[in-house]
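J.: Sharing a sequence plus its predicted fold:
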Amino acid sequence: FFFFPRMRRVLSLALLTRASSFTLLPRTSLYFSPSTCRHFTGSRHNMSSEDSKSMLTQALSTEGQSTIFSKILDSTIPSTEVYSDDLCYAFEDINPAGPVHFLVIPRKLITRVSKAEEDDKALLGHLMYTAGRLGRERCPEGFRLVVNDGVEGAQSVYHLHVHVIGGRQMTWPPG
């Protein structure tokens, strides 16, 4: 797939299954330098684990397929519920970036905020309102809302989601 000079880390190539879990393929490797890689455009980028996860997910998945969040919504995969209504579902993040970190997702599959359509405006407003209300309840001193979009936005699951992160002082710039 990719070749990079001065390789120090080997990641096993994983394919995204319909359940959005990663399956390792034998005798196949994807090589990354620990600090940089050449993106599909050929430009250099500093790489974090979220960056590499986003790139791998984008390279190996097809938008619109079943995601891990689809499996959470249909209860195939368990989650710790924060809130639920007819339009959205909120649950604790399994890899929290702060003392409080949960996700708010729409029940309707919208892969990216940039792919939302005109008739999704009310749903997008509901997601933001719900994230704000839950954030106020759980982080009265303040919180951050984050929506990642696409590879360069470090989106790792292609089902729109709003991160609500709080319980500590946030720094700027975020990343």
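T.: Great, that's in hand.
J.: which outside residues touch the lengthiest helix in the chain?
T.: Determined from DSSP state H, the single longest helix within the chain is helix 121-138. Helix 121-138 is contacted by residues 82-83, 85, 87-88, 90, 100, 102, 104-106, 108, 110, 113, 116, 143, 145, 160, 162, 164, 166-167 when judged by CB atoms under 8 Å, 6 or more residues apart in numbering. In this view, the C-beta of every residue, glycine as well, is placed from N, C-alpha and C.
J.: Any idea how many residues pack against residue 162?
T.: Neighbourhood size, residue 162 [other CB atoms under 10 Å]: 24.
J.: Residue 123 too?
T.: Look at residue 123: counted by other CB under 10 Å, it has 17 neighbours.
J.: same question, residue 144
T.: 17.
J.: Got the confidence number for it?
T.: Reading off the confidence values, residue 144 has pLDDT 97.
J.: which residues touch it?
T.: Counting by CB under 8 Å, 6+ apart, the residues that residue 144 touches are 163, 164, 165, 166, 170, 174.
J.: So which of the residues you listed is surrounded by the most neighbours?
T.: Neighbour counts for the contacts of residue 144 (other CB under 10 Å) peak at residue 164, which has 25 neighbours.
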